[in-house]
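Chemist: Below: sequence and its predicted model.
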Amino acid sequence: AELQDRLPPFDRDTAMDEVRAGLGAPVEALFSDFGPPLAAASIAQVHKARTKEPDGSSRDVAVKVLRPGIEQRFQRDLEGFFLAARLMERLHKPSRRLRPVDAVATLAHSVKLEMDLRMEAAAMSEMAANTQGDPGFYVPAVDWQRTARRVLTTEWVDGVSLSYPDKVRAAGFDMPVLADTVIQSFLRHAIRDGFFHADMHPGNLFVDAQGRLVAVDF
């Protein structure tokens, strides 16, 4: 739980540098406002920003930015995992049936995908299309013009996190109905679509003003 959204953030200026490098344009040209970090997890953090459109319009968005140097840090950790796995297979025969080297290789592949925020954006777009008519469930839209490998920009959705059930109750939402929506939504995605949110902990689920379950962090 401590890795979900409570880690120390990196500073706003560094985040803006990452956005500038990732999107190939000055932050001021893309956003009229770029706020401080709102949630910081192990791999990335999220900022609230306001777009600057050519026609003069604007809208609120969430900008997810990878931590600087996170790829190198994971690579060092994975090298340690591979070393431990090889030693296990060489020195402890009973462990070989668990195929520890293959397990670490699977983890390495998963991490490689997670470090490319375009993959997350694609997953969001696919799930949004799959669930368009689903009752009580919503996926924020991706802003593809402001999305790259290390930067993901999505529609901003105001809501209450399920991590804080007292706040959800205080907002007047029906907890049994929400619980039913969580279960029914997951089963629909898994059984009907074969494509589901694989990290549906409370920190990744919000309730918006319409009472819809809003999923984030794909």
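Modeler: That came through fine.
Chemist: which parts of the longest helix along the chain are buried?
Modeler: The helix of greatest length in the chain, counted in residues with DSSP state H as the criterion, is given as helix 70-91. Residues 70, 74, 78, 81-82, 85, 88-89 are the ones in helix 70-91 that count as buried (16 or more other C-beta atoms under 10 Å). Where C-beta positions appear, they are placed from N, C-alpha and C, glycine not excepted.
Chemist: for those residues, which one is nearest Val61?
Modeler: Lowest distance from Val61 to the buried residues of helix 70-91 (C-beta to C-beta) belongs to Ile70, with 21.9 Å.
Chemist: Count residues in the vicinity of the closest residue to the closest one other than its chain neighbours, would you?
Modeler: Counting by C-beta to C-beta, 6 or more residues apart in numbering, the nearest residue to Ile70 once its immediate chain neighbours are dropped is Ile43, at 5.8 Å. Neighbour count of Ile43, defined by other C-beta atoms under 10 Å: 19.
Chemist: and if you look at Leu213?
Modeler: 22.
Chemist: do the same with Tyr138
Modeler: Per other C-beta under 10 Å, the neighbour tally for Tyr138 reads 19.
Chemist: got it, and Val139?
Modeler: Close neighbours of Val139, defined as other C-beta under 10 Å, add up to 25.
Chemist: contacting residues for it?
Modeler: Val139 makes contact with 124, 127-128, 131, 214-215 under the criterion C-beta atoms under 8 Å, 6 or more residues apart in numbering.
Chemist: Against Arg212, how distant is it?
Modeler: Taken as C-beta to C-beta, to the nearest Å, the spacing of Val139 relative to Arg212 amounts to 10 Å.
Chemist: again, but for Asp77
Modeler: 37 Å.
Chemist: What residues of stretch 186-204 count as buried?
Modeler: Of the residues in stretch 186-204, those buried by neighbour count under the rule 16+ other C-beta under 10 Å are 188-189, 196-197, 200, 203-204.
Chemist: Next: stretch 55-66.
Modeler: Across stretch 55-66, burial judged by 16+ other C-beta under 10 Å covers 61-66.
Chemist: and Arg169, that's in a helix?
Modeler: Yes. In this structure, Arg169 lies within a helix as judged by DSSP: H, G, I helix; E, B strand; the rest coil.
Chemist: Thanks again, I'm all set now.
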